[in-house]
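Asker: Make a model of this:
(one chain, ligands or ions: 2)
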Amino acid sequence: MDLFEYQGKQFFAAFDIPVSKGEAVTTVEDAVAAAERIGQYPVVVKAQVHTGGRGKAGGVKLANDLDEVREHATNILGLDIKGHIVKVIWIEVGSDIAEEYYASFTLDRSAKKHLGMLSAEGGVEIETVAEENPDAIAKIWIDPVDGLDEATARTWVEAAKLNPDAEDGAVDILLKLYRAYTEGDADLTEINPLILKPTGEVHALDAKVTLDGNAAYRHEWDEYELTQERDEREQAANEKGLQYVGLDGSVGIIANGAGLAMSTLDVVNQAGGSPANFLDIGGGANADVMAGALEVINNDAAVKSIFINIFGGITRGEEVANGILEALKRVTIDAPIVIRLDGTNAEEGRSILEPHLSDQLQMQSTMLEAARTAVQLAGES
Ligand code: GDP
Ligand code: MN
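Answerer: Numbers count the residues shown, from 1 in each chain. Ligands and ions are numbered 1, 2, ... in the order given. Model (predicted):
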């Protein structure tokens, strides 16, 4: 669950991390009123969207008086930042910046440890730093059982070569950020930039937080839930009770069982294609479920072919085949379909499908062949 910057700052503030005071608003008039309440200039007008690089896209502006607040708020509200339309802006008191750093915690699954990254080169995207100057990122791996202590944090700050003036402030914030990350049940806590002010204070100027949705029951996250941007396809699928995750590719995928659906994504990638979604229709591949799944996929304009990958277990092959045929009577599908049917009574299922095969409805006996065909039909190889 991704938080907007202003929510991330509230989250940080709850762990005592210094952030700038401000207000989230949705209209130009409220932006002006918020700036008046802040009462000192400059104020910063910041787009609230679930994507980075807002600064570059014109979504972060300093205003020196009320007219400029009005001007920037007008320009930023409604702005399209990488496909995200700005509906909320955050008005905060401007900060003087001496230096910009980067700090984050996330999980390194392969190391089975938390990964902390710290860099004296903040304010730019960390991916760029990682590419152009990887030595500028000081990394530490933290065993969750041991946690992070002050001495380790201090050594880490020294390794990142932050300005010595920032050392105490940075150590303090990193310890708090680690607490926010672990006790707050976050998958990511990132501050970019973490700033050193000319006065010597260290301060979080931006906040990127991803919370672990599985931990929601331990917290009061209702407000965060309300502002989640839901993928329209995901919403439609969830309403039909389908396990669906939207992706960026062109091969629509229907499989039964999460494991098989995951392997289907892999095999489509292996065949040189890119999946448009993950869709697990679960155990009962009946006509209703299949029709619902096909409908969701058919409504995705990016889908150029559909790969139905079913392994009959308790649900027998002939039921699956009848389910597919019945579903195809109910839904008119634009993209060509490739079916791979295996498992219990697969023979019977295939012979039921056989008379209905065409360019539009194809069948392959192996997962890899089916994936190759689907990828080809999608025009990807
Ligand atoms: P992002 O582009 O989405 O990461 O948005 P940020 O919140 O990180 O802001 C981008 C950049 O705007 C920062 O790196 C700063 O250089 C600048 N900026 C943001 N807030 C302030 C501020 O209060 N004062 C000054 N002088 N610059 C700011
Ligand atoms: Mn930033």
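Asker: Please name the nearest non-neighbouring residue to the closest residue to ligand 2 within the stretch 151-300 of the chain.
Answerer: Ligand 2 sits closest to D206 of the stretch 151-300 of the chain, with a gap of 3.5 Å, by Cβ to the ion. C-beta here means a position set from N, CA and C on the backbone, and glycine is covered the same way. Nearest non-adjacent residue to D206, counting by Cβ to Cβ, 6 or more residues apart in numbering: N192, 5.5 Å away.
Asker: cool, and A136?
Answerer: Nearest to A136 is E121, by Cβ to Cβ, 6+ apart, at 4.8 Å.
Asker: Same check on F278?
Answerer: With sequence-adjacent residues excluded and distances taken as Cβ to Cβ, 6+ apart, F278 is closest to V245, at 4.2 Å.
Asker: One more: A57?
Answerer: Excluding the flanking residues, the one nearest A57 by Cβ to Cβ, 6+ apart is I81, at 4.6 Å.
Asker: now that we're looking at that neighbour, how far away is ligand 2 from it?
Answerer: Distance of I81 to ligand 2, computed by Cβ to the ion, to the nearest Å: 13 Å.
Asker: What score does that residue have for pLDDT?
Answerer: We have a pLDDT of 95 for I81.
Asker: Could you list everything it pairs with in the sheet?
Answerer: Taking DSSP bridges as the rule, I81 bridges to H84.
Asker: Could you report the neighbour count for the residue of the stretch 151-300 of the chain closest to ligand 2?
Answerer: 23 (other Cβ atoms under 10 Å).
Asker: That one in helix, strand or coil?
Answerer: coil (DSSP: H, G, I helix; E, B strand; the rest coil).
Asker: wait, what's in contact with it?
Answerer: E5, I191, N192, P193 (Cβ atoms under 8 Å, 6 or more residues apart in numbering).
Asker: Buried ones from the residues you listed, can you make that a ChimeraX selection?
Answerer: Restricted to buried positions by 16 or more other Cβ atoms under 10 Å, the ChimeraX selection for these reads:
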select :5,191,192,193
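Asker: Quick check: which of the contacts of D206 are also close to ligand 1?
Answerer: With Cβ under 6 Å from any ligand atom as the criterion, the contacts of D206 include N192, P193 near ligand 1.
Asker: wait, which of the contacts of D206 is closest to S274?
Answerer: Nearest to S274 out of the contacts of D206 is N192 (Cβ to Cβ; 29.0 Å).
Asker: could you measure E239 against ligand 1, distance?
Answerer: Using Cβ to the nearest ligand atom, to the nearest Å, we find E239 at a distance of 32 Å from ligand 1.
Asker: Give me the pLDDT value at that residue.
Answerer: If you check E239, the pLDDT there is 86.
Asker: Dihedrals phi and psi, the closest residue to ligand 1 within the stretch 151-300 of the chain?
Answerer: Nearest residue of the stretch 151-300 of the chain to ligand 1: D206, at 3.5 Å (Cβ to the nearest ligand atom). Main-chain dihedrals, D206, degrees, to the nearest 10: phi -140, psi 160.
Asker: Quick one, grab the pLDDT at it.
Answerer: Looking at D206, its pLDDT is 97.
Asker: before we move on, what about A285?
Answerer: 69.
Asker: near ligand 1, which residues of the stretch 201-350 of the chain?
Answerer: Within the stretch 201-350 of the chain, the residues that sit near ligand 1 (Cβ under 6 Å from any ligand atom) are L205, D206.
Asker: Under the pLDDT cut-off, which ranges of the stretch 201-350 of the chain? List them.
Answerer: Where the stretch 201-350 of the chain drops to pLDDT under 70, the residues are 284-285.
Asker: in it, which spans are helices?
Answerer: Under the criterion DSSP state H, counting those that start in this stretch, the stretch 201-350 of the chain contains helices at 222-226, 232-239, 258-270, 287-298, 317-330, 346-353.
Asker: buried ones in the first one?
Answerer: Under the neighbour-count criterion of 16+ other Cβ under 10 Å, helix 222-226 has Y224 buried.
Asker: and it, how far out from the chain's middle?
Answerer: The chain centre lies 16 Å from the centre of helix 222-226; the measure is Cα atoms, centre = their mean, to the nearest Å.
Asker: E348: neighbouring residues, count only.
Answerer: Residues near E348, counting by other Cβ under 10 Å, number 16.
Asker: The residue lying closest to it once chain neighbours are set aside and ligand 2: what is the separation?
Answerer: Nearest residue to E348, sequence neighbours excluded (Cβ to Cβ, 6+ apart): E318, at 4.3 Å. Per Cβ to the ion, E318 is found 56 Å from ligand 2.
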